[in-house]
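Peer 1: Provided below are the primary sequence and the corresponding predicted coordinates.
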2 protein chains.
Amino acid sequence: MSLLTVGSVAFDAIETPFGKTDKIIGGAGTYISISSSFFKKPVNVVAVVGDDFPEEYIKTLENQGVNTDGLQVKEGEKTFFWAGKYHNDMNSRDTLVTELNVLEHFDPVVPANYQDAQYVMLGNLSPQVQSTVIERLENRPKLVVMDTMNFWMDIAWDDLMKTISMVDVLSVNDEEARQLSKEYSLRKAAKKIMAMGPKYLIIKKGEHGALLFHEDKIFSAPALPLEEVFDPTGAGDTFAGGFIGYLAKTDDISFDNMKKAVIYGSAMASFCVEKFGTERLLEMTEADLEARVKEFEELTVF
Amino acid sequence: MSLLTVGSVAFDAIETPFGKTDKIIGGAGTYISISSSFFKKPVNVVAVVGDDFPEEYIKTLENQGVNTDGLQVKEGEKTFFWAGKYHNDMNSRDTLVTELNVLEHFDPVVPANYQDAQYVMLGNLSPQVQSTVIERLENRPKLVVMDTMNFWMDIAWDDLMKTISMVDVLSVNDEEARQLSKEYSLRKAAKKIMAMGPKYLIIKKGEHGALLFHEDKIFSAPALPLEEVFDPTGAGDTFAGGFIGYLAKTDDISFDNMKKAVIYGSAMASFCVEKFGTERLLEMTEADLEARVKEFEELTVF
């Protein structure tokens, strides 16, 4: 029942009202891997970095139980770099720098020892790269989850439609669900998007939680109201990592278990935003997680 | 255990992407009264209209179990009138007309047969009128709930602070909670607002549900994802009416029962938006309500 994740492993430079960082480890693949490693080890990661990527960062991933056999290190090339600045409300941000670097011609390699993948998380990347990963698996995994963004809706619609049609669960935010479906009502949007292929749809709503759709069923997960959001970077990816990690660990893809996976993903995301970058995820414990999940229960039981 | 509500009884003219109405019955007091009458009769209403207000509309309220002894009809004056137009997303609207008319010098009268009020819902009105109603009750009710709006924060801060300090539960939306507390985090905002007097705070988040705060406890109620929102007018007031009505019916103001009251209020609001004005509220049945509350349960249980 092995777990495969693909996504960017990158440098981020983050500025929030609380401070700023130099180049730190970031990227969807990083957050997904660290988050899912809480539930299932190893996490077999497919990604690419340049030769400027510190060995120490790779060690950080490996110490969490991430298998980096599928992490290509490109000699003479530079790692993907993103810099952003959050506004005071922490709900919106400006992108200051995007240097694709090694991501521009990323040709994902799936090592032989990843071929038993049963649970696959396709982090936000070009839909063409995402579909290539599926195509390079000899057997269809039990569950393929895909995260994507408005960016690909704007510039790679046909590739996106193809990849969406190949996956079991799609994860987008509310604005992206509306853009993808051309429907304002999320319930109508969900119907249209599930007709594109995915049997399940997750709509992330940030501080308002998340919705899980399947056939005529809906689950609404709250977000924990936090005293302070310190740095939202990676929260969506951390959510995705917790979601796939919980499913891989329990090996149960019923709707009822997916609800739990959404809660575990939400709990992981609530830690992520408490410090800069991956810092809080790397120090949190399983006891922290279970206590947080209990808070989610208390928040919703009536 | 009688129930008293105060709020505007008014004419509304509403335009949405689905159509428009002539002057129809509206106003916070109307929605609160109709909604709470589902749970507890009579609803003793305190309000004022002009002599242009049709007898037929007063009959509509009375047929629902609303006691109109406290509804003043001002000869030679005109009823409060609001006209608004919703944008395509139904989440924002332009106010086209606001004619205060009888509301400008509203001096609320509390009839003798209302003096046993145990549950009081102060609908959105000038905070000075709201506090006058409390002051005109000989005994302190068991529970006083207050709804207000950003408008009063802008023009009547001192009156607002006074009235807020007199109530048990305050109900505002998320933007208003932020304006009132000068805090962006709703958890921090809630702490500050409860320090102003109310032991309980409800933060309404529209399509994202509602939060109930008390001491260190939080309850997060989802909103039902609807296929179509036809007309959002009165949804917040209908929520408030369901909330106070459920509490008055069950006569239990524990935090656990307030959670249920928030769900019943949310369920009532979900009907309100399905047709223009009060139309859906006037035709719905108790069986409809119980089925809807069950949908809320299914939405959140994990």
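Peer 2: Sure, I can see it.
Peer 1: tell me the mean pLDDT for stretch A:31-45?
Peer 2: Mean per-residue pLDDT for stretch A:31-45: 98.
Peer 1: just the buried residues of that stretch, please?
Peer 2: Residues of stretch A:31-45 classed as buried by neighbour count (16 or more other CB atoms under 10 Å in any protein chain shown): A:31-45. C-betas here are computed from N, CA, C, even on glycine.
Peer 1: starting at the chain centroid, how far to that stretch?
Peer 2: From the chain centre to the centre of stretch A:31-45 is a distance of 11 Å (CA atoms, centre = their mean, to the nearest Å).
Peer 1: before we move on, what about stretch A:173-185?
Peer 2: 19 Å.
Peer 1: also stretch A:277-294?
Peer 2: Using CA atoms, centre = their mean, the offset of stretch A:277-294 from its chain centre is 17 Å.
Peer 1: cool, stretch A:262-282 as well?
Peer 2: On CA atoms, centre = their mean, the centre of stretch A:262-282 falls 12 Å from the chain's centre.
Peer 1: ends of that stretch, how far apart?
Peer 2: 21 Å (CA to CA, to the nearest Å).
Peer 1: and chain B, is it touching that?
Peer 2: Yes - counting by CB under 8 Å from any CB of the partner chain, contacts between stretch A:262-282 and chain B involve A:262-263.
Peer 1: so for that stretch, what's the average pLDDT?
Peer 2: 97.
Peer 1: any idea how far the residue lying closest to residue A:197 once chain neighbours are set aside is from residue A:172?
Peer 2: What sits nearest to residue A:197 in space, not counting adjacent residues and going by CB to CB, 6 or more residues apart in numbering or on different chains, is residue A:165, at 3.7 Å. Per CB to CB, to the nearest Å, residue A:165 is found 15 Å from residue A:172.
Peer 1: and residue A:57, how many neighbours?
Peer 2: Residue A:57 has 18 neighbours, counted by other CB atoms under 10 Å in any protein chain shown.
Peer 1: I'd guess it is in a helix, am I close?
Peer 2: Yes - applying DSSP: H, G, I helix; E, B strand; the rest coil, one finds residue A:57 inside a helix.
Peer 1: list the contacts of it.
Peer 2: Counting by CB atoms under 8 Å, 6 or more residues apart in numbering or on different chains, residue A:57 makes contact with residue A:25.
Peer 1: measure it to residue A:28 for me?
Peer 2: Remark: distance between residue A:57 and residue A:28 (CB to CB) = 15 Å.
Peer 1: what do you get for residue A:256?
Peer 2: 27 Å.
Peer 1: between the two, tell me which one has more neighbours.
Peer 2: Applying other CB under 10 Å to residue A:256 and residue A:28 shows that residue A:28 carries more neighbours, namely 27 against 11.
Peer 1: go ahead and confirm that one touches residue A:124.
Peer 2: Yes - at 4.9 Å, residue A:28 counts as touching residue A:124 under the criterion of CB atoms under 8 Å.
Peer 1: which neighbours do those two share?
Peer 2: Residues touching both residue A:28 and residue A:124 (CB under 8 Å, 6+ apart) are A:7-8, A:147, A:237.
Peer 1: and the pLDDT for the spatially most central residue of chain A?
Peer 2: Centroid-nearest residue in chain A, with CA atoms, centre = their mean: residue A:237, separated by 2.6 Å. For residue A:237, the model assigns a pLDDT of 98.
Peer 1: and it, backbone torsions?
Peer 2: The phi/psi pair for residue A:237 (degrees, to the nearest 10) reads phi -70, psi -40.
Peer 1: list the contacts of it.
Peer 2: A:7, A:28, A:30-32, A:35, A:123-124, A:147.
Peer 1: what about the helices in the stretch 1-150 of chain A?
Peer 2: Assignment of helices within the stretch 1-150 of chain A using DSSP state H, counting those that start in this stretch yields the ranges A:28-36, A:55-63, A:127-135, A:150-155.
Peer 1: right, so the ones you listed: which one is the most enclosed?
Peer 2: Stretch with highest mean neighbour count among the helices of the stretch 1-150 of chain A: helix A:28-36 (a mean of 31; mean count of other CB atoms under 10 Å in any protein chain shown).
Peer 1: residue A:165 and residue A:172 - which one has more neighbours?
Peer 2: residue A:172 (26 against 11).
Peer 1: ok, now which ones touch that one?
Peer 2: A:147-149, A:180, A:193, A:201-204.
Peer 1: for it, give me the pLDDT.
Peer 2: 97.
Peer 1: same deal with residue A:184?
Peer 2: Residue A:184 is given a pLDDT of 92.
Peer 1: ditto for residue A:143
Peer 2: Value listed for residue A:143 in the pLDDT field: 98.
Peer 1: was I right to think it contacts residue A:117?
Peer 2: No - the pair residue A:143 / residue A:117 is not scored as a contact, 10.0 Å apart, by CB under 8 Å.
Peer 1: the more surrounded of the two?
Peer 2: Each of residue A:143 and residue A:117 has its neighbours counted (other CB under 10 Å); residue A:117 has more, 26 against 21.
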